[in-house]
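In: following is a predicted model, sequence given first.
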Amino acid sequence: MAGIDLNRTTTGAADLLPKEISTEIWAETQEQSAVMQLARQINMPGSGVTIPIITGDAEADWVAETDEKPVSRASIGSKQITPYKLAVIEPFSNEFRRDLPAVYEELRRRLPNAIAKKFDQTVFGTTAPGSNFDTLGGAAAVAIGPHATDAKKSTYAGLVEAYNKVAEADGALDGWALSPQAKGLLLNQVDSTGRPLLFSSIQDGTSITQILGESVYYTKGVFKAGNPATIGFAGDWNSAMWGSVEGIKVSVSNEATITDGTVTVGSGENAVEIPNQLNLWQRNMFAILVEIEVGFRVRDEDRFVRLTNGARS
């Protein structure tokens, strides 16, 4: 009988068991949070925090000799930022850790990146975990796919439009969060002789670390399929902030009982769904818990744009 994942009979793992286990593991590039790298980090208590916002500055004016000087006042507001818990538990058998140590270490190392990916997907989506947590999925869309026949309606023109839209909202575009699909689009931009526009040369590699002088970060969490698909975001990241209560926490238990979905008991009309509970000690298993309490807020969603692969019009 097959065991409960993850164990030595897990599909893919069993193929590695004979005799020697390679210490080289082919792993996809790890997800890192583009949001956490672009936005400002703030300290946050468990109850959340109030962020003061200056919504308008005092204004000076010209005065004639002996006239009274003008009086003006700044205007202020505030936003609450509330942390929400993001977590994942992954169970393993003791034998899996013993007999596939390299695979186990790689899986364990990757777990915190599941947190980063989900955080980015949430921020770049439209569904927040609760109130006082902003998302950017409703930002204005800018197509950066090139026009089929008009060279003036290029991807470069789309990037400039994104910059200008942020500026029109009184923002200053200072960073780009792009998906691998967006990078593929950018790599396809060439001059009239076929030479790449956005990186030095094929011999020097395909790294695109800046666009219009601003930093670029890549994350799969930004991509959303569609017609057109969302392939990136850009905006005034200095006006965005995130905070966590205690950072990422990791704990391990071999005595807890965890609930892993549901199982069907009975058949036909008598079938019922009940929680699938795993007693780790009873099964010679252990589980790793990774969690974070994190929040995200922006001053104004209009200071961000959503980049799509739609053709320029």
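Out: Now that the structure is in, tell me what you want to look at.
In: which neighbouring elements make contact with the helix or strand bottoming out on mean pLDDT in the chain?
Out: Here the helix or strand of the chain ranked lowest by mean pLDDT, DSSP states H and E is strand 49-56, holding a mean of 78. Judged by 3 or more Cβ pairs under 8 Å, 6 or more residues apart in numbering; DSSP states H and E, the packing partners of strand 49-56 are strand 40-43, strand 75-81. C-beta coordinates here come from the backbone N, C-alpha and C atoms, glycine included.
In: partner strands of the shortest one and their direction?
Out: Going back to what we said before, that points to strand 40-43. Sheet pairing for strand 40-43, assigned by DSSP bridges, gives strand 240-244 (parallel).
In: so what's the nearest residue to residue 266 once chain neighbours are set aside up against?
Out: Distance criterion Cβ to Cβ, 6 or more residues apart in numbering; nearest residue to residue 266, sequence neighbours excluded, is residue 272 at 5.9 Å. Residue 272 makes contact with 264, 265, 266 under the criterion Cβ atoms under 8 Å, 6 or more residues apart in numbering.
In: how about those in JSON lines, adding neighbour count and pLDDT?
Out: Putting the contacts of residue 272 into JSON lines (neighbours: other Cβ atoms under 10 Å; pLDDT from 0 to 100) gives the following:
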{"residue": "264", "neighbour count": "10", "pLDDT": "87"}
{"residue": "265", "neighbour count": "10", "pLDDT": "85"}
{"residue": "266", "neighbour count": "10", "pLDDT": "84"}
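In: and of those residues, the nearest to residue 257?
Out: Using Cβ to Cβ, residue 265 is the member of the contacts of residue 272 that lies nearest residue 257, at 17.6 Å.
In: beta partners of that closest one?
Out: residue 272.
In: how much space separates it from residue 274?
Out: 6 Å (Cβ to Cβ, to the nearest Å).
In: who's in contact with residue 236?
Out: 166, 169, 171, 172, 173, 174, 299, 303, 304.
In: how about residue 271?
Out: 264, 265.
In: again, but for residue 154
Out: Counting by Cβ under 8 Å, 6+ apart, residue 154 makes contact with 146, 147, 189, 312.
In: try residue 166
Out: Taking Cβ under 8 Å, 6+ apart as the criterion, residue 166 is in contact with 172, 173, 234, 235, 236, 303, 304, 305.
In: then residue 33?
Out: 116, 117, 119, 120, 219, 221.
In: can I assume the last one is in contact with residue 121?
Out: This means residue 221. Yes - here residue 221 reaches residue 121: they are 4.3 Å apart, a contact under Cβ atoms under 8 Å.
In: out of these two, which sits in the busier spot?
Out: The neighbour comparison of residue 221 against residue 121 (other Cβ atoms under 10 Å) goes to residue 221, with 23 against 20.
In: skipping adjacent residues, who's closest to the more buried one in space?
Out: Closest to residue 221 by Cβ to Cβ, 6+ apart is residue 120, at 2.9 Å.
In: and whatever helix or strand that neighbour lives in, what's buried?
Out: Applying DSSP states H and E as the criterion places residue 120 in helix 101-123. Applying a neighbour-count criterion of 16 or more other Cβ atoms under 10 Å, one finds 103-104, 107-108, 111-113, 115-123 buried in helix 101-123.
In: ditto for stretch 153-162
Out: Judged by neighbour count using 16+ other Cβ under 10 Å, the buried positions of stretch 153-162 are 153, 154, 155, 156, 157, 158, 159, 161, 162.
In: again, but for stretch 137-149
Out: Applying a neighbour-count criterion of 16+ other Cβ under 10 Å, one finds 137, 139, 142, 143, 144, 145, 146, 147 buried in stretch 137-149.
In: kindly state the pLDDT recorded for the second one?
Out: Among the per-residue scores, residue 139 shows a pLDDT of 96.
In: how about the helices of the stretch 51-200 of the chain, start to end?
Out: 94-99, 101-123, 155-168, 180-187 (DSSP state H, counting those that start in this stretch).
In: how many neighbours does residue 125 have?
Out: By other Cβ under 10 Å, neighbour count at residue 125 equals 16.
In: which pLDDT value goes with it?
Out: pLDDT, residue 125: 94.
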